[in-house]
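Enquirer: My questions are about this predicted structure, shown below with the sequence.
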Number of protein chains: 4
Amino acid sequence: MSSTFGRLFTLTTFGESHGPGVGVLVDGMPPGMVVDAAAVQRELDRRRPGQSAITTSRQEADQVEIVSGVFDGLSTGAPILLLVRNNDQRSQDYDALKDVYRPGHADYAYAQKYGVRDHRGGGRSSGRETVGRVAAGALAKAALATVGVSIVGGTVRVADVAALRRDWDVAESNAVRCPDAEAAARMIELIEKTRDAKDSVGGVVELVARGVPAGWGDPTMSKLDAMLGAAMLSIPATKGVEIGCGFAVAALRGSQANDVFDGERFASNHAGGIAGGISNGNDVVVRVAVRPATSIGMPQVMARAGGGTETRAITGRHDPCICPRVVPVAEAMMAVTLMDAWLRQRALRGREK
Amino acid sequence: MSSTFGRLFTLTTFGESHGPGVGVLVDGMPPGMVVDAAAVQRELDRRRPGQSAITTSRQEADQVEIVSGVFDGLSTGAPILLLVRNNDQRSQDYDALKDVYRPGHADYAYAQKYGVRDHRGGGRSSGRETVGRVAAGALAKAALATVGVSIVGGTVRVADVAALRRDWDVAESNAVRCPDAEAAARMIELIEKTRDAKDSVGGVVELVARGVPAGWGDPTMSKLDAMLGAAMLSIPATKGVEIGCGFAVAALRGSQANDVFDGERFASNHAGGIAGGISNGNDVVVRVAVRPATSIGMPQVMARAGGGTETRAITGRHDPCICPRVVPVAEAMMAVTLMDAWLRQRALRGREK
Amino acid sequence: MSSTFGRLFTLTTFGESHGPGVGVLVDGMPPGMVVDAAAVQRELDRRRPGQSAITTSRQEADQVEIVSGVFDGLSTGAPILLLVRNNDQRSQDYDALKDVYRPGHADYAYAQKYGVRDHRGGGRSSGRETVGRVAAGALAKAALATVGVSIVGGTVRVADVAALRRDWDVAESNAVRCPDAEAAARMIELIEKTRDAKDSVGGVVELVARGVPAGWGDPTMSKLDAMLGAAMLSIPATKGVEIGCGFAVAALRGSQANDVFDGERFASNHAGGIAGGISNGNDVVVRVAVRPATSIGMPQVMARAGGGTETRAITGRHDPCICPRVVPVAEAMMAVTLMDAWLRQRALRGREK
Amino acid sequence: MSSTFGRLFTLTTFGESHGPGVGVLVDGMPPGMVVDAAAVQRELDRRRPGQSAITTSRQEADQVEIVSGVFDGLSTGAPILLLVRNNDQRSQDYDALKDVYRPGHADYAYAQKYGVRDHRGGGRSSGRETVGRVAAGALAKAALATVGVSIVGGTVRVADVAALRRDWDVAESNAVRCPDAEAAARMIELIEKTRDAKDSVGGVVELVARGVPAGWGDPTMSKLDAMLGAAMLSIPATKGVEIGCGFAVAALRGSQANDVFDGERFASNHAGGIAGGISNGNDVVVRVAVRPATSIGMPQVMARAGGGTETRAITGRHDPCICPRVVPVAEAMMAVTLMDAWLRQRALRGREK
C-alpha cells in the first residue's frame, strides 16, 4: 500500500538499483487504450543516464518489457507489468560505503527505519526507482492524449540562472531541458563548472498540463493540487512544490491574485488552473524545487555506522545537476495524477470528461 | 474515499458552512489514548472566526460534541465522531451570489464538476470545512505527545514583512501568530491597512515538529514529505509547500545542502528532518504559501452563470489575512500526517516508535 | 480505514449502543441523487427493535438526521452524515456483565485486542452498529434504482423450517420476513417456542438483486462475489455466505452446474449471476448463514475476567431469532456493494452502465 | 487498486495464461524476514498442473524468480516482485473459442465489462492467475511462522464423498489432498470416473489456522471473517465460504452454538475461532465451496459472440476436480489475510502480536 500511488489509476514501483531489475505495476488502465512499447521506451530514454555530457556517465540501456495487461497492442483492463533489467552495476563502487552514512543521503534514516540495509547504490532510495515512474507515466500520457490532455516540462532555474521564456518547443533540444535557449547555455556552463569542482547544483523544474477540462480533482482531501503535491514530493531530491504563482502569492493582494474570468477565458493564471482543489479549465502549472545531487566527488565528513566520523569522497559516477533527468519523472507523475483524477471524475459523473 | 486523509489514522471531514453542522470522523486511533474535549475545544478556539481584530467578525461558538469512540475519557479503538453545530449562518449574504462565479473562488470549478451547486458560503469549499481538521488534529497531537512529539507553528511572512526570529513561545501571544514579536506588529499594521482598503493579503506559515524519531515515513510513494505535501495542499488557500530549505535549495551546491551528521547530531537542517522520505531525527520543518483570501470587499468583475459578466463587491464578513487561522489547521494536518506515519512504522517494526 | 467499507462508494459506521448516538458517514455518492429522509427512515424502521412480537422488546425510535451532503433534497457529491440519537439505554442491564466474558460474544476477543473494554451492551460489537449500515443502504438503493437495479430479501430458513417458495411480495407481510407465507407461520411458531425456552435459534437469509447489468465487479481481488462475501460476513452474527447454488455446487457435475446461455437468456442460475467475479446479467443471488443470538436468558457458564468461571443468565431484552432484522441489514450491504461496483465500472468505461 | 488484496500486507497479481509470464507484487513485508526461493517453489509445486493423475496434464515448470525486495536472503521492507515465466502455451487450443462464450466461464461477462477480450485461455480469468497468490502466500506463511501461526488445508468433500477425519498429516500424501485416507481413495476413484465421462465435479476445501492469538481482525468492516470471506471468494471457482460450523449454525439453538470458555480454553469451536470479527485464540476454521471446473470435454450448447448458439466440446487439457489445486491457493489467501490482520494489530498496539 505504502509503495502505491493513486487510487483508481495506480502505480507501484519495484526493484533496487543493484538487483535483477526495476519496473512498475500499473493497475486501473481502462481497456482499449493503445500501449506502445516504443512510446514507453522514448520516455525511458529521456530519463536514461549517459544521455548527455551533463548527466552521469553510467550506461543503462533500460530496455522495457511489457509482461502483462496488453493484448494485440491494447490494454485489456488487467494490471500492466513493465520490467527493465539492470545491467551496468558496479556494486563495488558501493562496498566502501557499507559502513558510513553518506551526507544528505537516506542511509541513516533507512537504517533506523528498517534495521536492515541494502547499501548497494542506495537500494530503494536510488534514483533508479524512477524508471518505473517514467514507464507508467508514458502509459498515462498516451491515455490522457485521447481526451486532449498533454504535458510539457523543463528546467526553469539552475542556481541563479533562470529561464525568462517558456518556449516549450526548445526544451527538448538542449541538454538541460530548458525552455529558454539562451538561459540553457548559461545553465549548462554552470553545471559543467560545478561538475569540474566535484560538486553538484540545484534547480527548479516546471510542468504545464494543457487541455485539462474543468472538474477534475476532489474537494478537501483529494484536491488536485494536494495529489500533485504528493506526486512531486514523492520524487527523490525534491524539496518543494508550488501551484500557479506559488510562494509568490504571499506578496500579493487578493485583488491581484484573483484571476478574472469572463465565463470562457481567464485573464491570468495565478491559481495555476486549480480552484478549491478542482481544475478550472486553465493550464495546470506546477513547479518543483530540486536539490543538488547528494553524491559529490569532493571529500565530506561522514558518520560511521559503528560510531565516529571520517572524511571521504564518494567515488562513482553521479549527476552534477539532476534537473534534466527529473523533468521526465515529474511529467510522468503529473500524468498519473491527472489520469487518476480523470477516472475519479468518470466514476462521479459517468461520462467521458 | 476521496474525502479521507491518511491510511492507518484517517480523518474524513463533513458538513457545509450553512448546513446543520460540520465535523470529522477519525478512524484508527489506538485504544487507551486520553481524549479530552477541552483540549479539542482549545484548538477549535484557535481556529474560530472572531477571535481577534484581524479575523472575520463572524461569530461561531464552535462547541464540539464527542459522539462516539470514547469511554471513560479514553479512546476505545472505535471511530471517533466529533460534531460542531453551525449557528451564525447568514445565508442571505450569499443569495446574491447564486448566479455568479466569484473570482478566485471554486464556484465555477465546482459547478463544472458536480452539475449541482450549493452556493451558500461555498458549501464544501468553505474554510469552515477545516473545523473538522483542527478537531482531528487535536486528537493526533495528544497521541503524539505520548511519544514525545510536539508541533509548533506560526505566520512567518505577510506580503513583504518577514519574521526574522523563531521565538515560538511568542507566536500565540500576538493576533497574527508570528514567532517574531517585532515583525508581528508590522504584519498586523499591514493587515489592518489591507482590510480598510477592502482587500486581502497573502503570507507564509511555518511548522516545526520536534521529537520525531528517525524512521517515520515510507520510501517512494508514501514519503513523509509527500504526505506532508498532500496534507498542506489539501488546506484551502494554499499554493505551495516546502520542506527544510525548500525552494532556496535551487541556489545551493551539494556541498552546502548536505547536512553534516556525526552519528548523533546534524550540523544543519537543510533537509528539514527528512531524507529519502524518512524522518532522520532532526526537526521536521514545513512552510506553506497562503493565498490572500479570495473574498474581498472591493468591486470585481465576475462571470454570470448564464453568460456575460458584471462588476460587483462581495458583501459579508471576511478575513483580510487568513494566515493566523491557517496556523492551527496546518498544525493539525501535520499532526495527523505524523500520526499516520507513526502507526505505519509500528506495523512495520512492531514497536512503539 | 479498517472501519470503512467500499472503495468509491464508502460507508463508515460509528457509535456505541450506549453512547450519545450511532450513524454512518457515506462518501462517494454521485451528485444529483435524490436523498429522501423518509426513505431512510422506512429502512431503519425495518431494522428497529420492538417492531414485532418476535423481536426484542427494546424501544428505539431511531430517528435519522441528515447532517451534511444534501442540498435541496439532492446529493451534492460531498460526504453525507446520517445521525441517529440513542435513547432507550438501560446501561444497568450490563453493569453485572462488566467482569465476565459472555459465551459466544466478542467480549474476550475485544478485551484481548484493545486492552480497554466498553462493556455497555457490547459497545461496537452491538447489533446497534448496523443502524448506520441500513441508513447508508437506503441511499444506495435509491441511487441504484435510477439504473434499474432493485434488491429483495427475506428469511428462507429457521432451524429446520425452510421456505419452499420465493414470493418476495409476501416477505414484508410476515414478522419473520419469509417469502413463503406457509413456512413463515411455522417459523414464527418455532421462534416463539424458542423464546419461551429462554433460548435463540439460527437461520438463513437470502437476497436477490435484479436488473444488475453484465460487467459489474472486477477480476481477481475485487470480484463482485468477493466483495459481497466481505459485505455479508461483516454483518454481526453471520457465519457463512454463498453465491447462487453455493455449497450445493460441491455435489454437482460441471455439465449440471454450467448455466446454458443463448446470448440473451440463461437457462438456469447456478452461478448466482456472477462469472469470474463479474455480473453476467442474471439475477445476483446471495445467501447468508445467521447464528442464533448469543444473548440468551437461560443460565450459562461464563469466564470471569479475573479468572475462574460462574454460571449466570443474561438479563435484558434480546432477539430470539435475528434473521428478520438481519434482512434489511444484508440488503443494505448488498446495495452498497453493488453501488461501489457500479461506480468502478463507470470509472473504467466512462458511461452510465 | 481493484487488483490488490490487503491493506498493510498487499498482493497484486499480474499476468495472463498465454502472455510472457505471471506473478505477484507483494508490498508491506516487514524487513528482516527470511525469503527463501525454495520455500516459494515448494508451494508453487503444490499448485502446479500435471502434478498427479487427477490434475490437468498441462506441464508448467513454474520456476519463480525473485526480482526485488530481498537482499542477502532477507526482506528489506521494499516491494517483492515474484515472476514466473510461462512456457507450455497451446494458444491454438483456444483459437476455436474466440467467437463463442463458453458455458459457466467468464467470457461473456468479461466481454461486456471490457469491450475487449483476450480469448487465449481466459486471460485474467484463467486459474493461472493463482500462481501469484500461491507465491505471495508462501512469503506470508514464512512470516507468520515467526509468531507461531501455521495453516493446514485439504479437500474434505468431493460430490457425496465426505472426509470423516481430519488427519492433516495425511492430506499431502494423497492426490486429492484429503485429510482422511479412506475417503481420499473413494474421492480419487470418483474423480477418475468423472474425468473419463468428460465431465468435472465439485467439492469443499477446509482450512485451519493454528496459533492465531486472540485480538487479530477489526470490528465492523474489516472483521477477520469478512476479510477471509473476500479472500476465499476471490479465488476462481469458489461459490461459498463458511466460518466454524458455518451454514450448520442455522439449525442450532444459542445454547448449542455458544462455545463455553473457561478463561483459558474453549469447550467447542462453533465460532471457528472468530468472535465479533476478532480472533479469540481458538483455531480459525474456514471452508470453501468449489465449483466443478467449467471446461469439460463433453459437448455443450454455447452462445456465439455474433448471435445464435452452437453445440461444441471444449478441447484442451482440464482438471476433472480442481479441489486439490485449490488447497494451496486457499491456504495462501488465508495466510495473506492473517498477515494483514497481524500487521494491523501491530499498528494498533505497537507490539509483536
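Expert: Received the coordinates, thanks.
Enquirer: Please report the distance of A:Gly15 from D:Ser200.
Expert: In this structure, A:Gly15 lies at 41 Å from D:Ser200, with Cβ to Cβ, to the nearest Å as the measure. Glycine gets a C-beta too; all of them are placed from N, C-alpha and C.
Enquirer: actually A:Val301, not the one I wrote
Expert: If you measure A:Val301 against D:Ser200 using Cβ to Cβ, the figure is 70 Å.
Enquirer: okay, those two: which has more neighbours?
Expert: Under the criterion of other Cβ atoms under 10 Å in any protein chain shown, the comparison of A:Val301 against D:Ser200 puts D:Ser200 first, with 29 against 14.
Enquirer: right, and that one touches D:Gln300 too?
Expert: No - counting by Cβ atoms under 8 Å, D:Ser200 stays clear of D:Gln300, with 11.8 Å between them.
Enquirer: Going by residue numbers, what spans are helices in chain A?
Expert: When assigned using DSSP state H, the helices of chain A occupy the ranges A:37-47, A:92-95, A:107-114, A:130-145, A:168-171, A:181-196, A:224-233, A:254-257, A:323-349.
Enquirer: To chain D, which of the ones you listed lies closest?
Expert: Nearest to chain D among the helices of chain A is helix A:107-114; the distance by Cβ to the nearest Cβ comes to 4.0 Å.
Enquirer: So what angle separates the directions of that closest one and helix B:323-349?
Expert: Computed with axes from the mean of the first three to the mean of the last three Cα atoms, to 10 degrees, the direction of helix A:107-114 lies at 60 degrees from that of helix B:323-349.
Enquirer: mind saving the C-alpha coords of helix A:107-114 as PDB?
Expert: Output in PDB follows, covering the C-alpha atoms of helix A:107-114 (Å, rounded to 0.1, in the frame of the first residue of the first chain):
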ATOM      1  CA  ASP A 107      21.300   5.900   4.500                       C
ATOM      2  CA  TYR A 108      20.900   6.700   8.200                       C
ATOM      3  CA  ALA A 109      17.100   7.200   8.000                       C
ATOM      4  CA  TYR A 110      16.700   3.800   6.200                       C
ATOM      5  CA  ALA A 111      18.900   2.000   8.700                       C
ATOM      6  CA  GLN A 112      16.900   3.400  11.600                       C
ATOM      7  CA  LYS A 113      13.600   2.500   9.800                       C
ATOM      8  CA  TYR A 114      14.300  -1.000   8.700                       C
END
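Enquirer: between it and helix B:224-233, how many degrees?
Expert: Angular relation of helix A:107-114 and helix B:224-233 on a 0 to 180 degree scale: 90 degrees, by the same axes, to 10 degrees.
Enquirer: just to revisit the earlier point, now the helices of chain A as TSV including mean pLDDT, mean neighbour count and distance to D:Ala39?
Expert: TSV is the format used below for those (pLDDT from 0 to 100; neighbours: other Cβ atoms under 10 Å in any protein chain shown; distance: least, Cβ to Cβ, whole Å):
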stretch	mean pLDDT	mean neighbour count	distance to D:Ala39
helix A:37-47	96	18	34
helix A:92-95	66	14	29
helix A:107-114	92	25	22
helix A:130-145	98	26	27
helix A:168-171	96	16	50
helix A:181-196	97	18	47
helix A:224-233	98	30	36
helix A:254-257	96	22	60
helix A:323-349	97	27	35
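Enquirer: For these, please prepare JSON lines with the additional fields distance to chain C.
Expert: Formatted as JSON lines, the helices of chain A follow (distance: least, Cβ to the nearest Cβ, whole Å):
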{"stretch": "helix A:37-47", "distance to chain C": "22"}
{"stretch": "helix A:92-95", "distance to chain C": "37"}
{"stretch": "helix A:107-114", "distance to chain C": "21"}
{"stretch": "helix A:130-145", "distance to chain C": "12"}
{"stretch": "helix A:168-171", "distance to chain C": "29"}
{"stretch": "helix A:181-196", "distance to chain C": "40"}
{"stretch": "helix A:224-233", "distance to chain C": "15"}
{"stretch": "helix A:254-257", "distance to chain C": "26"}
{"stretch": "helix A:323-349", "distance to chain C": "4"}
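Enquirer: pLDDT score assigned to A:Val288?
Expert: Listed pLDDT for A:Val288 reads 98.
Enquirer: er, A:Glu352 actually
Expert: According to the per-residue confidence, A:Glu352 scores 36 in pLDDT.
Enquirer: How about A:Gln89?
Expert: According to the prediction, A:Gln89 has pLDDT 63.
Enquirer: got it, and A:His318?
Expert: 85.
Enquirer: As a markdown table, the helices of chain A with distance to A:Ser295 would be great.
Expert: Putting these into a markdown table (distance: least, Cβ to Cβ, whole Å) gives the following:
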| stretch | distance to A:Ser295 |
| --- | --- |
| helix A:37-47 | 17 |
| helix A:92-95 | 10 |
| helix A:107-114 | 11 |
| helix A:130-145 | 15 |
| helix A:168-171 | 26 |
| helix A:181-196 | 12 |
| helix A:224-233 | 20 |
| helix A:254-257 | 40 |
| helix A:323-349 | 14 |
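Enquirer: what's the closest of those helices to D:Ala313?
Expert: For D:Ala313, the closest of the helices of chain A is helix A:37-47, at 37.8 Å, according to Cβ to Cβ.
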